[in-house]
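Trainee: the following block contains a protein sequence and its predicted model.
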Amino acid sequence: MLAMDYRGARRVRAQQKPMPEIQHPRDVIVRVTRSCICGSDLHLYNGAVPDTRVGTTFGHEFTGIVEDTGGAITSLKRGDHVLVPFNIACGQCAFCLEGLFGNCHESNPGATAVGGIFGYSHTTGGHQGGQAEYVRVPFADVGPMIIPPDIEPDNAVMLTDVVPTGYQAAEMAGIQPGDTVVVFGAGPIGIMAARCAWLFGAGRVIVVDELDYRLDFARQYAPCEVHNFHTMKDPVLFIKKATGLGADVCIDAVGAEAAGRAMQSVLGRKLKLQGGSSTALHWAINSVRKGGVVSVVGVYGPTATMVPFGNVVNKGITIRANQASVKRLLPRLVEHVRSGIIDPKALITHRFSLEDVSNAYRIFSSKLDGCIKPLLIPPTAE
Ligand SMILES: [Zn+2]
Ligand SMILES: [Zn+2]
């Protein structure tokens, strides 16, 4: 089968690989119909995530058709159209039972933090991803959801990560009616978080990024105020001034490859002395008001990250963070998509054939051609 193949930092290609096989009675094999490239795949692509092995196939946002099922699978059958949450969850461990499907204890054995994720390095279990013609889905009686017939395929694939992660960013922020919410990052997740902030009663939503085309999109889509941090002398002072006492809520939708401060970039991105550049997290902590909430969905590496913790204590800030619990959120998010409250497919700006994966990564990572969300379509999709 054809699959995306990681060859080292900033080198990926489409390559023939062996077909995945059922390895456990709870597995299914899915023939992929759509697979997104995620902003967090760019951390892998850039070589910023530890233990990203050459030969890995990325891709944690995909839909497909069930091709083969393991002996224990009764909830799915060959031919079912499914969307597959990016996190792999056993459904039975203490964390899954608590609804923390992003922190499953069984899908990333030996790890104490994140659970298994498709195509996201061996730090999340070494599972192969869905930027391929076929993919093995473990614990398939738990994660995959049969796509309701009235949910369009492009919306379905966005329900595997972008919508739940953006939504959970707003949910974790504990937004109170009238709150001012500042979102750092105008990638698909930041844009979705800004959109969802309104659903929780925000009174004002501000998005900060460095790319005008993304800010323009966010302004119209969320809708919200937008600001380019390159036009600010000091983003923290700017937000404090714009909000009076500071934002009630700050959302970090950037993560480990934040731009904006040279020292953070050198320590976190070049020298890898911390789990990435935490510039957005610094700005969030320093520009939220006393007693405010910082919600983090940006991806950081497992190693230590320098944060201004004294400010967290002295300002009485609540920090909440996690990978989205996709399975927990899917029922209500399907309803939001169905009713038109959220229109996720609007974020998809590009479609590439899987053969063209190298070009797709190049365009997305270089932020060319107004790219917000690219889809990969395998040759066997139809
Ligand atoms: Zn993603
Ligand atoms: Zn579990």
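Mentor: Received the coordinates, thanks. Ligands and ions are numbered 1, 2, ... in the order given.
Trainee: could you use CA atoms for every contact and neighbour count after this?
Mentor: Noted.
Trainee: show the contacting residues for I319.
Mentor: For I319, the contact set (C-alpha atoms under 8 Å, 6 or more residues apart in numbering) comprises 293-296.
Trainee: repeat that for M158.
Mentor: 61, 344-345.
Trainee: what about the residues you listed, which one has the most neighbours?
Mentor: When neighbours are counted by other C-alpha atoms under 10 Å, E61 leads the contacts of M158 with 28 neighbours.
Trainee: touching, that one and I88? I think so.
Mentor: No - shown here, E61 and I88 do not form a contact pair, counting by C-alpha atoms under 8 Å, at 11.8 Å.
Trainee: so what's the residue count around V66?
Mentor: By other C-alpha under 10 Å, 23 other residues sit near V66.
Trainee: of the contacts of I319, keep whichever come out buried.
Mentor: 293-296 (16 or more other C-alpha atoms under 10 Å).
Trainee: could these be laid out in a markdown table, adding secondary structure?
Mentor: Shown next, in a markdown table, are these (DSSP: H, G, I helix; E, B strand; the rest coil):
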| residue | secondary structure |
| --- | --- |
| V293 | strand |
| V294 | strand |
| S295 | strand |
| V296 | strand |
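Trainee: keep only these that also lie close to ligand 2.
Mentor: For ligand 2, no contacts are drawn from the buried ones among the contacts of I319 by C-alpha under 5 Å from the ion.
Trainee: looking at these, which is nearest A321?
Mentor: The shortest approach to A321 among the buried ones among the contacts of I319 belongs to V296, at 4.6 Å (C-alpha to C-alpha).
Trainee: distance of the closest one relative to S287?
Mentor: Distance, V296 to S287, by C-alpha to C-alpha, to the nearest Å: 14 Å.
Trainee: do M145 as well
Mentor: 39 Å.
Trainee: of these two, which one has the most company?
Mentor: Between M145 and S287, counted using other C-alpha under 10 Å, the more crowded position is S287 (26 against 22).
Trainee: spatially nearest residue to the more buried one (excluding sequence neighbours)?
Mentor: Once flanking residues are discounted, S287 sits nearest to V236: 5.0 Å by C-alpha to C-alpha, 6 or more residues apart in numbering.
Trainee: give me the neighbour count for the one you found.
Mentor: When neighbours are counted by other C-alpha under 10 Å, V236 registers 19.
Trainee: over to it. Which of the three states is it?
Mentor: helix.
Trainee: how about the residues of the stretch 1-150 of the chain near ligand 2?
Mentor: Checking the stretch 1-150 of the chain against ligand 2 by C-alpha under 5 Å from the ion, the hits are 89-91, 93, 96, 104-105.
Trainee: distance of V32 relative to ligand 2?
Mentor: V32 is 24 Å from ligand 2, where distance means C-alpha to the ion, to the nearest Å.
Trainee: that residue belongs to a helix, doesn't it?
Mentor: No - counting by three-state DSSP, one finds V32 to be strand, located in no helix.
Trainee: do you know how far it is from D248?
Mentor: Relative to D248, and taking C-alpha to C-alpha, V32 is found at 41 Å.
Trainee: ok so, going back, you'd agree the residue nearest to S287 is up against I285?
Mentor: No - using C-alpha under 8 Å as the test, V236 is too far from I285 to be in contact (9.2 Å).
Trainee: how about the helices in the stretch 251-382 of the chain?
Mentor: Secondary structure of the stretch 251-382 of the chain (DSSP state H, counting those that start in this stretch): helices at 262-264, 279-287, 309-315, 326-338, 357-365.
Trainee: count of residues packed around E335?
Mentor: Using other C-alpha under 10 Å, E335 has 13 neighbouring residues.
Trainee: shaky segments in the chain?
Mentor: 258, 260, 262-276, 303 (pLDDT under 70).
Trainee: let's go with 50 and repeat that
Mentor: Of all residues in the chain, none has pLDDT under 50.
Trainee: flag every buried residue along stretch 47-59.
Mentor: 47-50, 52-53, 56-59.
Trainee: just stretch 350-370 next, same as before
Mentor: Buried residues in stretch 350-370, counted by 16+ other C-alpha under 10 Å: 350-352, 354-358, 360-365.
Trainee: likewise stretch 87-98?
Mentor: Buried-residue list, stretch 87-98, by 16+ other C-alpha under 10 Å: 87-91, 93, 95-96.
Trainee: using PDB, write out every CA atom in it.
Mentor: Presented in PDB, the C-alpha positions along stretch 87-98 are these (Å, rounded to 0.1, in the frame of the first residue of the first chain):
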ATOM      1  CA  ASN A  87      -6.200   9.300  20.600                       C
ATOM      2  CA  ILE A  88      -6.300   5.500  21.000                       C
ATOM      3  CA  ALA A  89      -8.300   4.400  24.100                       C
ATOM      4  CA  CYS A  90      -8.900   1.000  25.600                       C
ATOM      5  CA  GLY A  91     -12.100   2.100  27.300                       C
ATOM      6  CA  GLN A  92     -11.400   0.000  30.300                       C
ATOM      7  CA  CYS A  93      -8.500   1.500  32.300                       C
ATOM      8  CA  ALA A  94      -9.000   3.900  35.200                       C
ATOM      9  CA  PHE A  95      -8.400   6.900  33.000                       C
ATOM     10  CA  CYS A  96     -10.700   5.900  30.200                       C
ATOM     11  CA  LEU A  97     -13.400   5.100  32.800                       C
ATOM     12  CA  GLU A  98     -13.000   8.700  34.000                       C
END
